[in-house]
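> sequence and computational prediction follow.
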Amino acid sequence: EDKVVQSPLSLVVHEGDTVTLNCSYEVTNFRSLLWYKQEKKAPTFLFMLTSSGIEKKSGRLSSILDKKELFSILNITATQTGDSAVYLCAPNSGGSNYKLTFGKGTLLTVNP
Amino acid sequence: EAEVAQSPRYKITEKSQAVAFWCDPISGHATLYWYRQILGQGPELLVQFQDESVVDDSQLPKDRFSAERLKGVDSTLKIQPAELGDSAMYLCASSFGGSGYTFGSGTRLTVV
């Protein structure tokens, strides 16, 4: 059975802090890993990672994948209150016909 | 920007009543997914369609849930009868090839 573990489950920081969110996975036929941000609505796409060791970056967010050790991290630098959300990772084992298995998510709270 | 449309946004229903949700994917997206997300958990796949055919419904509680996508475009998810434990967010998503995976805004169901 496919398994995704995210840590920590929740995190409280102050604005300006840097955070690292972790995602470890065990899935059959791994193809890629997706990260999503979810506020009180549907998840919004952040990154898709397919290759080990290649960092993807968007503004203050960055992410990297390690296919040998089966994990990914999401970094957020200079956090802002608007970064408060649940961050979900989802390995894809279905290729172009996506089959995503979601973790429980990390609830990030950024205080002013 | 193209969106996945879902309705209703919110639904309150009494236990043992029937309830239905509707999803219209992005035009041209052949694959459609229904997820259930219980508070504090990641989304769980209920059913996946490729055009009008069911690809995966292994996690769909078939005694009370049904899903259809008759013309391979929009889709309906039905629950009959609803139970208290069905209270959750129901998310629809669609994809085309490996080019993207987009969620709708979701339907938040409360069973009382």
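Happy to help now that I have it.
> per-residue pLDDT, the residue in chain A that chain B sits nearest to?
As assessed by C-beta to the nearest C-beta, chain B sits closest to residue A:102 within chain A, at 3.1 Å. C-beta coordinates here come from the backbone N, C-alpha and C atoms, glycine included. You'll see residue A:102 listed with a pLDDT of 93.
> where does the spatially closest residue to it that is not a sequence neighbour land in three-state SS?
With sequence-adjacent residues excluded and distances taken as C-beta to C-beta, 6 or more residues apart in numbering or on different chains, residue A:102 is closest to residue B:42, at 3.1 Å. Recorded secondary structure, residue B:42: coil (DSSP: H, G, I helix; E, B strand; the rest coil).
> got a list of what residue A:15 touches?
With contact taken as C-beta atoms under 8 Å, 6 or more residues apart in numbering or on different chains, residue A:15 is in contact with A:79-81, A:110-112.
> the helices in chain A, which residues?
Shown for chain A, no helices are assigned by DSSP state H.
> get me the contact residues on it for chain B.
Within reach of chain B by C-beta under 8 Å from any C-beta of the partner chain, chain A has these residues: A:4, A:34, A:41-45, A:88, A:90, A:95-105.
> burial measure for the residue of chain B found nearest chain A, as a count.
Proximity of chain B to chain A (C-beta to the nearest C-beta) peaks at residue B:42, 3.1 Å away. For residue B:42, the neighbour count with other C-beta atoms under 10 Å in any protein chain shown is 22.
> ok, the residue nearest to residue A:102 - contacts?
A:4, A:88, A:90, A:102-105.
> thinking again about what came up before, and the residue of chain A closest to chain B, its phi and psi?
Main-chain dihedrals, residue A:102, degrees, to the nearest 10: phi -90, psi 140.
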